[in-house]
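Trainee: the sequence isn't on hand, but the structure is:
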């Protein structure tokens, strides 16, 4: 039985993680749940899964009526739970309930937890990833910013946990030790294509992109794009911020930086290819010209389940892809002149140091402004570039340094937006 903490349990990745846990209740137990603001949904999840370690990121909710119900749940006294479940909860150790960002991070240190699913959105997820690995837990990572902003800190920690897992006999007999399991469909695909292969024989990583809802449009045609139009992703059901990033191709730029860190691959050997059907989730090209492609149904429960089941493969959570109905597969180069965020993110990754942190923070502010109709669609890339140009790049040394750079870049981005 693997015991799981889910950070961001009410978001898209979080709810699908819980669905995987439902389907494999004999393999997975949820022991901790954290949300940002949706305390009512958290309560329902905690009651369903009998979870007593809970956290809410928004401190203001500590005084709301739902907080009393969450406290009762943590004590094992929830009137909403069936009697048998309530009795089982009461027999366990004490529960916990915390409010604020630190309370969310504290859940990763639960002694009973084996795996932490980090599905937090934005740079706020970095400290949770860092502390998960420091605690020696397996990190199932859906938070892109952890590696984009802090890959220089996260990957050495993951290597140390891998070494400890091997020493403890917790690692598989063959393949990666599994301390850091990517949940992204693209990186999960590359991870699986690399199983059993010699990393020295890898010639190129191909990261696939759907192209987003505006594929084929010119810059002139993007001038008046609205948030509603940008949120309409053609294949994936994601949260608002990630959907906007997908439409600007920033999401793909972040994934290039992630791939660089995850697979120790130079940027000149990581390519992005547009694959509109989203049937191929990514590919690995080898020195002899062979290419492995990972294909499957466009459902995030597949990479989530593999991250939790590794090295085993459990029964599929969705209907498999029917190749007789797939039709054709299309490929195209991304248009980085129109969708400049991809080029900006790659440039930030290649320069390295604290520049990806500044780039990411500026993007988060610009996307939020666009969603609030306080900024324009094309202004997202313009804002990111302006902040990158203004940043004095330093070598990454600590979380505190990155948090300071993040704060500076956000202020710089807000000032740029206000001045437009």
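Mentor: Noted; the coordinates are in hand. Since the structure is predicted, the reported quantities are computational estimates derived from the model, not experimental observations.
Trainee: and the lengthiest helix in the chain, what's buried?
Mentor: Assignment by DSSP state H gives helix 145-168 as the longest helix of the chain. Judged by neighbour count using 16 or more other C-beta atoms under 10 Å, the buried positions of helix 145-168 are 145-155, 157-158, 161-162, 165. From N, CA and C alone the C-beta is placed, and that goes for glycine too.
Trainee: go through those residues and name the one nearest residue 27.
Mentor: Nearest to residue 27, judged by C-beta to C-beta, of these is residue 165 at 18.6 Å.
Trainee: how about the contacts made by that closest one?
Mentor: Listed by C-beta atoms under 8 Å, 6 or more residues apart in numbering, the contact set of residue 165 reads 171, 177, 178, 179.
Trainee: want to throw those into TSV with pLDDT, distance to residue 34 and secondary structure?
Mentor: Listed next are the contacts of residue 165 as TSV, based on pLDDT from 0 to 100; distance: C-beta to C-beta, whole Å; DSSP: H, G, I helix; E, B strand; the rest coil:
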residue	pLDDT	distance to residue 34	secondary structure
171	94	27	coil
177	95	26	coil
178	96	23	coil
179	97	21	coil
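Trainee: beyond the one helix or strand in the chain whose mean pLDDT sits lowest, next helix or strand please.
Mentor: The helix or strand of the chain with the lowest confidence, counting by mean pLDDT, DSSP states H and E, is helix 83-91 at a mean of 42. Counting by DSSP states H and E, the next helix or strand C-terminal to helix 83-91 is strand 96-99.
Trainee: run through the neighbouring helices and strands of that following strand.
Mentor: The helices and strands touching strand 96-99, judged by 3 or more C-beta pairs under 8 Å, 6 or more residues apart in numbering; DSSP states H and E, are strand 53-56, helix 65-75.
Trainee: returning to that earlier point: quick one: buried ones out of the contacts of residue 165?
Mentor: 171, 177, 178, 179.
Trainee: for the spatially closest residue to the first one that is not a sequence neighbour, what are its contacts?
Mentor: Nearest residue to residue 171, sequence neighbours excluded (C-beta to C-beta, 6 or more residues apart in numbering): residue 177, at 3.7 Å. By C-beta under 8 Å, 6+ apart, residue 177 lies in contact with 161, 162, 163, 165, 166, 170, 171.
Trainee: mind redoing it with 10 Å?
Mentor: 138, 158-159, 161-168, 170-171, 311 (C-beta atoms under 10 Å, 6 or more residues apart in numbering).
Trainee: would you list those residues in CSV and tack on distance to residue 253?
Mentor: Shown next, in CSV, are the contacts of residue 177 (distance: C-beta to C-beta, whole Å):
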residue, distance to residue 253
138, 27
158, 22
159, 25
161, 27
162, 27
163, 31
164, 33
165, 31
166, 33
167, 37
168, 37
170, 34
171, 32
311, 31
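Trainee: ok, so of these, who is nearest residue 31?
Mentor: Within the contacts of residue 177, the smallest distance to residue 31 is 13.4 Å, found for residue 138 (C-beta to C-beta).
Trainee: quick check: closest non-adjacent residue to the closest one.
Mentor: Leaving aside its sequence neighbours, residue 138 sits nearest to residue 115 (C-beta to C-beta, 6+ apart; 4.4 Å).
Trainee: tell me what the one you found is bridged to.
Mentor: Counting by DSSP bridges, residue 115 forms beta bridges with residue 4, residue 138.
Trainee: was I right to think it contacts residue 6?
Mentor: Yes: taking C-beta atoms under 10 Å as the definition, residue 115 is a contact partner of residue 6 at 9.4 Å.
Trainee: identify the contacts common to these two.
Mentor: Taking C-beta under 10 Å, 6+ apart as the criterion, residue 115 and residue 6 both touch 31, 140.
Trainee: of those two, which one has the most company?
Mentor: Between residue 115 and residue 6, residue 6 has the larger neighbour count (other C-beta atoms under 10 Å), namely 29 against 21.
Trainee: what sits against that one?
Mentor: 13-15, 17-18, 21, 30-35, 45, 49, 51, 107, 115-119, 140.
Trainee: which of these are buried? Put it as a PyMOL command.
Mentor: Those of the contacts of residue 6 that count as buried under 16+ other C-beta under 10 Å are selected in PyMOL with:
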select buried, resi 13+14+17+18+21+30+31+32+33+34+35+45+49+51+107+115+116+117+118+119+140
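Trainee: just the ones of the contacts of residue 6 in helices?
Mentor: If you go by DSSP H, the contacts of residue 6 have 13, 14, 15, 17, 18, 21, 45, 49 in helices.
Trainee: between the residues you listed, which is closest to residue 227?
Mentor: Checking the ones in helices among the contacts of residue 6 against residue 227 with C-beta to C-beta, the nearest one is residue 13 at 21.4 Å.
Trainee: ok, that closest one to residue 119 distance?
Mentor: Between residue 13 and residue 119 the distance is 4 Å, computed by C-beta to C-beta, to the nearest Å.
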